[in-house]
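> Predicted model follows, preceded by the sequence.
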Amino acid sequence: MQVKTFHYKKGTGWSLNDFPEMNSSNTLILAFCAPEYFNNTKPFDELRKAYPTSQIAGCSTAGEIYNEEINDHSISVAITKFEKSTIQVITEHIENPLQSEEIGIKLGIKLNKDNLKSVIILSDGLTVNGSSLVEGLKSTLKSSVIITGGLAGDGSQFKNTWVVAEGKPITKSITAIGIYGEHLEVNYGSKGGWDIFGPERLITRSEGNVLYEIDGEPALEMYKKYLGEKAKELPSSGLLFPLAIREKPLSSNQVVRTILAIDENKQSLTFAGDIPQGWYAQLMKANFDRLIEGASIAGQLAASQIQVPNSLNLAISCVGRRLVLGERSEEEIEATLDSIGRDSPLVGFYSYGEISPSGLQSCDLHNQTMTLTSISER
């Protein structure tokens, strides 16, 4: 297995003179792109020309991760040529979040073949219910299959997200990458680092990923009370105050949800994943040191006990973490690299939702977490 990473920057072009000679039917190219490259396809054209039989996938971002750097206006690329494993890349179109579980089932059925070990999901970030998508996948795949990935971003604009399919950017789509082989080793880690504040409240009315009422009060009205002046900046300011939800009161088994949109008329909040009625919710706020510590723990969880020099390391962190950490954002990337080894190649992106198993549960959609997937061949 060979892994090479490089990047493309506006104004300077590619960070290398010649593309690595790694083209094959089992070569996977991941490209994480600033939103503006939807209308500037020259880099994709060059990758397709250099790697005609390889599989090219990727998505738009809220920031591109390349080794210890976080960039905007760039494309971070990882090329992985598998020697003992095979890959399959499938893309499905989505028009409505209500289709999410159905599409997850379709993708799972198409990928479900012998020796499937890993599925990487790169999804539209706005037209999907991420938790329903994951549930659809899990219903068709063995529990031993490790599902990771994330939802595409659009900076803090929340207007247009897209994925890369067959080397071209397309909107309203979900790409699933299946990796097969008995020699494949997949490790993962996922960790947050936010502090909970305020009382625990009952979700009294919700439907899918739309929250209407908390403790019998309009959800948007209640949320605005906590945000104060920040309420004027919704939905983007909602990234700074995610929601922790749990099935039982005060349970440690929780997931975090981030706002994607608001509806003033219905006084509702739309989240990246399900908000089950009858569950409990609590607001969260940032703790800088704990956010960075969370990234370090995610790296430790994903680090292989058998150190493999060539591994594909994929970091996906939430745009909300970047907005909170600001200039300190690179510290969470450095903390991740310290955990997996400074010489390890690392690419990834800031997302609208992270997909990963955690220590508490099987795979789910997370928000406001740092997730890391490490893939290698024994």
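Yep, that arrived.
> ok, and what's touching stretch 232-239?
Contacts to stretch 232-239, defined as Cβ atoms under 8 Å, 6 or more residues apart in numbering, come from residues 156, 158, 223-224, 227, 230-231, 258-262, 269, 318-320, 323-324, 368. Bear in mind the C-beta positions are built from the backbone N, C-alpha and C, glycine included.
> who's sitting farthest from the centroid in this protein?
Gly216 (32.3 Å; Cα atoms, centre = their mean).
> contacting residues for it?
By Cβ under 8 Å, 6+ apart, Gly216 lies in contact with Thr204.
> quick revisit: hmm, which of the contacts of stretch 232-239 are the buried ones?
Taking 16 or more other Cβ atoms under 10 Å as the criterion, what is buried in the contacts of stretch 232-239 is 156, 158, 223-224, 227, 231, 258-260, 262, 269, 318-320, 323-324, 368.
> Look up phi and psi at Ile109.
phi -60, psi -40 (degrees, to the nearest 10).
> Skipping adjacent residues, who's closest to it in space?
In space, Ile109 comes closest to Thr140 once its chain neighbours are excluded; the distance is 5.3 Å by Cβ to Cβ, 6 or more residues apart in numbering.
> wait, the one you found sits on Ile105?
Yes - contact criterion Cβ atoms under 8 Å: Thr140 and Ile105 qualify, at 5.5 Å.
> ok, which stretches of the stretch 201-350 of the chain are helices?
Here the stretch 201-350 of the chain has its helices, by DSSP state H, counting those that start in this stretch, at 219-227, 288-302, 319-325, 329-340.
> for the record, mean pLDDT for the longest one?
Helix 288-302 shows a mean pLDDT of 70 in the predicted model.
> go on, the shortest one?
For helix 319-325, the per-residue pLDDT values average out at 82.
> Now do that helix: distance to the chain's middle.
Distance of helix 319-325 from the chain centroid (Cα atoms, centre = their mean, to the nearest Å) equals 14 Å.
> so what does it touch, helix or strand wise?
Packing contacts for helix 319-325, counted by 3 or more Cβ pairs under 8 Å, 6 or more residues apart in numbering; DSSP states H and E, involve helix 288-302, helix 329-340, strand 346-351.
> now the ones you listed as TSV including distance to Trp279 and mean neighbour count?
Formatted as TSV, those follow (distance: least, Cβ to Cβ, whole Å; neighbours: other Cβ atoms under 10 Å):
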stretch	distance to Trp279	mean neighbour count
helix 288-302	23	21
helix 329-340	28	21
strand 346-351	23	28
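> Which of the ones you listed sits closest to Ala281?
Ala281 lies closest, by Cβ to Cβ, to one member of the helices and strands packed on helix 319-325: helix 288-302, at 20.3 Å.
> what ranges do the strands span in the stretch 151-300 of the chain?
Using DSSP state E, counting those that start in this stretch, the strands of the stretch 151-300 of the chain run over 162-165, 168-171, 173-180, 184-191, 195-207, 210-214, 217-218, 243-246, 254-257, 259-263, 268-271, 280-285.
> re the thing from before, Throw the helices and strands packed on helix 319-325 into TSV and include distance to Gly192, thanks.
TSV is the format used below for those (distance: least, Cβ to Cβ, whole Å):
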stretch	distance to Gly192
helix 288-302	5
helix 329-340	11
strand 346-351	14
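> So for Asn23, which of those sits nearest?
strand 346-351 (18.8 Å).
> in the chain, which helix or strand is least confident?
Least confident helix or strand, the chain: helix 288-302 with a mean of 70, by mean pLDDT, DSSP states H and E.
> Okay, now the unreliable bits of the stretch 251-378 of the chain?
Where the stretch 251-378 of the chain drops to pLDDT under 70, the residues are 252, 286-288, 290, 294-295, 298-299, 301-309, 359-361.
> Mind telling me which residue is nearest the centre of the protein?
Most central in the chain (Cα atoms, centre = their mean) works out to Gly150, at 2.1 Å.
> close enough to count as contact, that one and Ile120?
No - taking Cβ under 8 Å as the definition, Gly150 is not a contact partner of Ile120, at 9.1 Å.
> The stretch 1-150 of the chain: helices as residue ranges?
Remark: helices assigned in the stretch 1-150 of the chain by DSSP H, counting those that start in this stretch are 42-50, 100-111, 130-140.
> And these: which comes nearest Glu182?
So among the helices of the stretch 1-150 of the chain, helix 100-111 is nearest, using Cβ to Cβ, at 16.7 Å.
> And that closest one, what does it pack against?
Under the contact criterion of 3+ Cβ pairs under 8 Å, 6+ apart, helix 100-111 touches strand 86-93, helix 130-140, strand 173-180.
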